[in-house]
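Colleague: What shape does this take:
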Amino acid sequence: MIFQLGSALLDACVLAVLSEEDAYGYSLTQRVKSVLDISESTLYPVLRRLQKEKYLATYDKPFQGRNRRYYAITESGRARLEEYREEWDTYKEKIDSLLIGGGENES
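Modeller: So this is what the prediction gives:
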């Protein structure tokens with residue numbers, strides 16, 4: 001992808017994926033990577049930061065003799081995701097007006 005991916009947008013994407021269902025690290029990174037060109041090494045610090053900010057919780061579940069760490073969105077994470085979605089709508093409209101509409105001012 002040619003456009004830079006900011007941390008807020010990456011946070012929003014991770015929270016959006018986890019709002020659908022809990023996921024362990026590898027499956028989460030694969031879902032995000034299917035849409036965005038990022039590495040796993042980029043995503044794990046994001047997960048740790050979101051957990052530190054109380055937007056995510058973790059739990060372990062046994063799988064084939066070892067534990068998998070699952071990530072789950074918290075209520076504050078859902079609230080943050082809603083804020084991101086509202087901001088995204090506004091941002092997207094403004095960018096669309098420039099890229100698609102030629103920058104015509106609607107005010």
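Colleague: How about residue 62: what's its closest non-neighbour residue?
Modeller: In space, and not counting its chain neighbours, residue 62 is closest to residue 68: 7.7 Å by Cβ to Cβ, 6 or more residues apart in numbering. (Each C-beta comes from the backbone N, C-alpha and C, glycine too.)
Colleague: and the longest helix along the chain, what's its mean pLDDT?
Modeller: Looking across the chain with DSSP state H, the single longest helix is helix 75-99. Here helix 75-99 scores 95 as its mean pLDDT.
Colleague: Report all helices and strands that it contacts.
Modeller: helix 7-20 (3 or more Cβ pairs under 8 Å, 6 or more residues apart in numbering; DSSP states H and E).
Colleague: Let me know the next secondary structure element after the helix it packs on.
Modeller: strand 23-24 (DSSP states H and E).
Colleague: For residue 3, grab the count of nearby residues.
Modeller: 7 (other Cβ atoms under 10 Å).
Colleague: same check, this time on residue 39
Modeller: Neighbours around residue 39, by other Cβ under 10 Å: 9.
Colleague: pLDDT wise, what is it at?
Modeller: Reported pLDDT for residue 39: 84.
Colleague: do residue 5 as well
Modeller: 76.
Colleague: cool, and residue 106?
Modeller: Confidence score, pLDDT, at residue 106: 53.
Colleague: Make sure residue 32 is indeed in a helix.
Modeller: Yes. Under DSSP: H, G, I helix; E, B strand; the rest coil, residue 32 sits within a helix.
Colleague: from memory it sits against residue 38, does it?
Modeller: Yes. Between residue 32 and residue 38 a contact is recorded at 6.4 Å, counting by Cβ atoms under 8 Å.
Colleague: Many thanks, we can stop here.
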